[in-house]
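S.K.: Quick one, fold the following:
(2 chains)
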Amino acid sequence: MTARSRTAPGAAHLQPREVAHVAATEEGWRIEGVLSLRSVSAVLPALARIEGADVTLDLSGLERLDTAGAYALYQTEVRIAQAGGHVRYQGLGSDHAALMERVAAAVPTPPDDAPTAKSLTDRLEDLGRMVAGAGAFVGQLCAMLGMFIARLVRMIRHPYEFRMTALVHHADEVGWRAVPIVMLMSFLIGVVLAFQGAVQLRQFGAEIFVVDLIAISILRELGILLTAIIVAGRTASSFTAAIGSMKMREEIDAMRTLAIDPVTVLFVPRILALLITLPILGMVANLLGLFGGMMMAWIELGISPGVFLARLLEGTSLDHVLVGFSKAPVFAIIIGVIGCHAGMQVGGNAESLGRQTSASVVRAIFAVILANALFSVFFALMGI
Amino acid sequence: MSDAPIIRLRGIRNQFGAQVVHDNLDLDVMRGEVLGVVGGSGTGKSVLLRCIAGLRPPQAGRIEIFGQDALNCPEDTRRAIDQRMGVMFQDGALFSSLTVRENVEVPMRTLKGLDPRLRRDVADLKISMSGLPYIAGDKYPSELSGGMRKRAGLARALALDPEIVFLDEPTAGLDPIGASAFDELINALSKTLGLTVFMVTHDLDSLHATCDRIAVLAEKRVMYTGTMAEMLDIDHPWVHEYFHGPRARAATETLERTA
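M.R.: Residues are numbered from 1 along each chain as shown, chains lettered A, B, ... in the order given. I've put the predicted structure just below:
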């Protein structure tokens, strides 16, 4: 091989073509060449043809044998033994013999209890477990909420435990930094509403009602709902990731052993920051949404800002604004509790951190939309 | 061929910014030997391993593997070299989205025309040769203990029957029983498979039990190489402290008692 490698160019030397040959001889079979992972697949059919009561395998021409090759020989031996035969090796080198011995000793035996197909009762059990799991999940969220409220009350009695710095930091993080995206989003929503409303209302010559359309839909529903959805996407995930990575590195366990309450230190400032900033973000969204609508109404329908504002103040009751803002704290708590809870569910590895982070966003958005629907039903029943 | 070094490093220089880790470092690794690399923290043991394994090109110097220039060579040649080497990372570095068996199958998937059933069987065989039970093959890395992850990492490093294996702290974080079982495993594999092993370790017991030769990294180069017995006679302060410290004495005594 050395002599050949001198003449052969680079890669050819490093990866010599590995070929094995299986041939029938007078005494039995002869295997030549390199029997390795790269060459063995090609000779598997030939090896499968080897049979007989007393088989002689001549390996004296074998240049190299690796684990895969030794395994293929072992399989052949077992197959012949099962048919009542016996294999004798000829010209087997001592290092090859040692390898074959090691392989034969290491071949694993799969356990018998192969997984069977799921029966109907298994599926029923799975369904039951899923329902119970969902119930337990809601229970855990309620427990988290209860813990938050209990700690909040405790802090009113012991104000020195309160972490003001953390609150300001999180308010900056979840509130102030979200302002640009919330402004842009709500401005565009206002523009789109005005434009689509204008197209429809113009057919009836009722262009002026576009003001009512924008005002009611933004103030009552869209402003706060879309803000909550954006915040859910931004903040629930960051809560989960931050708390989850602390959980992963046992920081939360360390806190407990140091008699620091993780709920007080981690959850209360975060949820409280959301509770304070979400209504403010909602107000920003409302203002920008109305502004966007006003601009579009001006450009598209020729309703001047003065007329728009007059119509807005005269035609829109304050109820709509109050209904909108009444939802904000609820959404804030939903997002905060779901984000923190998912963080605590993170296990010991990075994969569960990723899984919980995306799950917390999906859950938070779903829960916000569900809560919004319940609010609608409630206000409809109350006639507000 | 056996007396030509399988890995030959000449004048290796590694630096991060202004901080020079290796300067004019020479090292030969012989075919079939188990070489243990020791050195204080920050002497660049892992950097050297990554450098030879092709994960980090050195700033200067020459690396020859299997008699081939491994730095200035076509990509195909480097790939061929890589296929003849296996690396076991400190915590296994298993792909977390794949089961252990699939992890071991990954390197084999790069080979054309390999029978899928044979691939699966050989993967199971490698898992078993690394000392893991059959059922471990179906598990995900997150479901395994640290020691089992290391074994699974070794199984993947051995998937292509490499000629050289790099082990990064193979026994770190294992309990003494698990660590000595791992030493025996490395011994047995290096004998039956004819492996050359390049092992970075801190574990004196492991050095005693497995290594044919020891290379000491100090002062930015390979300061000394030699057998364990030769190491004991060197009077460089760090080397002396390392091989004659209280832990080293305990390890030597244990070995002498059991021998």
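S.K.: Could I get the contacting residues of the residue in the stretch 151-300 of chain A positioned nearest to chain B?
M.R.: Residue of the stretch 151-300 of chain A nearest chain B, by Cβ to the nearest Cβ: A:Met248 (11.5 Å). (C-beta placed from N, C-alpha, C; glycine too.) Residues near A:Met248 by Cβ atoms under 8 Å, 6 or more residues apart in numbering or on different chains: A:Val346, A:Gly347, A:Gly348, A:Asn349, A:Ala350, A:Ser352, A:Leu353.
S.K.: Could you dump those into a markdown table and include secondary structure?
M.R.: Output for the contacts of A:Met248, formatted as a markdown table (DSSP: H, G, I helix; E, B strand; the rest coil):
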| residue | secondary structure |
| --- | --- |
| A:Val346 | coil |
| A:Gly347 | coil |
| A:Gly348 | coil |
| A:Asn349 | coil |
| A:Ala350 | helix |
| A:Ser352 | helix |
| A:Leu353 | helix |
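S.K.: Which members of the residues you listed additionally contact chain B?
M.R.: Applying Cβ under 8 Å from any Cβ of the partner chain, the subset of the contacts of A:Met248 adjacent to chain B comprises A:Gly347, A:Gly348, A:Asn349, A:Ala350, A:Ser352.
S.K.: Give me the nearest residue to A:Leu266, chain neighbours excluded.
M.R.: A:Ile243 (5.9 Å; Cβ to Cβ, 6 or more residues apart in numbering or on different chains).
S.K.: what about the one you found, is that helix, strand or coil?
M.R.: With three-state DSSP as the basis, the three-state label of A:Ile243 is helix.
S.K.: Verify the contact between it and A:Met344 for me.
M.R.: Yes - at 6.5 Å, A:Ile243 counts as touching A:Met344 under the criterion of Cβ atoms under 8 Å.
S.K.: ranges for the strands of the stretch 1-150 of chain B?
M.R.: Listed in chain order, the strands of the stretch 1-150 of chain B (DSSP state E, counting those that start in this stretch) span B:7-16, B:19-29, B:34-39, B:60-65, B:68-69, B:85-88.
S.K.: Quick one: mean pLDDT for the second one?
M.R.: Confidence for strand B:19-29, expressed as mean pLDDT, is 88.
S.K.: before we move on, what about the shortest one?
M.R.: Looking at strand B:68-69 alone, the average pLDDT works out to 84.
S.K.: does that strand come close to chain A?
M.R.: Yes - part of strand B:68-69 sits near chain A under the criterion Cβ under 8 Å from any Cβ, namely B:Gln68.
S.K.: Show me what that strand packs onto, helices and strands only.
M.R.: In terms of contacts (3 or more Cβ pairs under 8 Å, 6 or more residues apart in numbering or on different chains; DSSP states H and E), strand B:68-69 is packed against helix A:10-14.
S.K.: who does the helix or strand following the helix it packs on touch, helix- and strand-wise?
M.R.: Later in the chain than helix A:10-14, the nearest helix or strand by DSSP states H and E is strand A:20-24. Counting contacts by 3+ Cβ pairs under 8 Å, 6+ apart, strand A:20-24 packs against strand A:29-35, helix A:40-49.
S.K.: Quick one: work out the angle between the shortest one and helix A:40-49.
M.R.: In this structure, strand A:29-35 runs at an angle of 170 degrees to helix A:40-49, with axes from the mean of the first three to the mean of the last three Cα atoms, to 10 degrees as the basis.
S.K.: Strand A:29-35 pairs with which strands?
M.R.: Paired strands of strand A:29-35, with direction, are strand A:20-24 (antiparallel), strand A:54-58 (parallel), strand A:62-65 (parallel) (DSSP bridges).
S.K.: Turn these into CSV, including distance to A:His158, mean pLDDT and mean neighbour count.
M.R.: Below are the strands paired with strand A:29-35 laid out as CSV (distance: least, Cβ to Cβ, whole Å; pLDDT from 0 to 100; neighbours: other Cβ atoms under 10 Å in any protein chain shown):
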stretch, distance to A:His158, mean pLDDT, mean neighbour count
strand A:20-24, 79, 82, 17
strand A:54-58, 84, 82, 17
strand A:62-65, 75, 84, 19
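S.K.: does chain B sit close to stretch A:79-88?
M.R.: No - between stretch A:79-88 and chain B, judged by Cβ under 8 Å from any Cβ, nothing touches; the nearest distance is 13.2 Å.
S.K.: Can you show me the CA trace of the strand or helix carrying B:Tyr242 as CSV?
M.R.: Using DSSP H and E, B:Tyr242 sits in helix B:237-244. Only the C-alpha atoms of helix B:237-244 are listed here, as CSV (Å, rounded to 0.1, in the frame of the first residue of the first chain):
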residue,chain,number,x,y,z
PRO,B,237,8.4,22.3,38.5
TRP,B,238,5.0,22.0,37.0
VAL,B,239,5.5,18.5,35.7
HIS,B,240,7.0,17.4,39.0
GLU,B,241,4.1,18.9,40.9
TYR,B,242,1.6,17.3,38.5
PHE,B,243,3.0,13.7,38.7
HIS,B,244,4.2,13.9,42.3
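S.K.: which stretches of the chain have low pLDDT?
M.R.: This is for chain A. Low-confidence segments of chain A (pLDDT under 70): A:1-16, A:112-116.
S.K.: Oops, wrong one, chain B.
M.R.: B:1-3, B:254-259.
S.K.: What segments of it are helices?
M.R.: Listed in chain order, the helices of chain B (DSSP state H) span B:45-52, B:75-83, B:100-108, B:116-129, B:146-157, B:176-192, B:204-210, B:228-233, B:237-244, B:246-258.
S.K.: Go through the one helix or strand A:Ala373 maps to and flag the buried ones.
M.R.: Per DSSP H and E, A:Ala373 falls inside helix A:350-382. Buried residues in helix A:350-382, defined by neighbour count with 16 or more other Cβ atoms under 10 Å in any protein chain shown: A:352-353, A:355-357, A:359-361, A:363-365, A:367-368, A:371-372, A:375.
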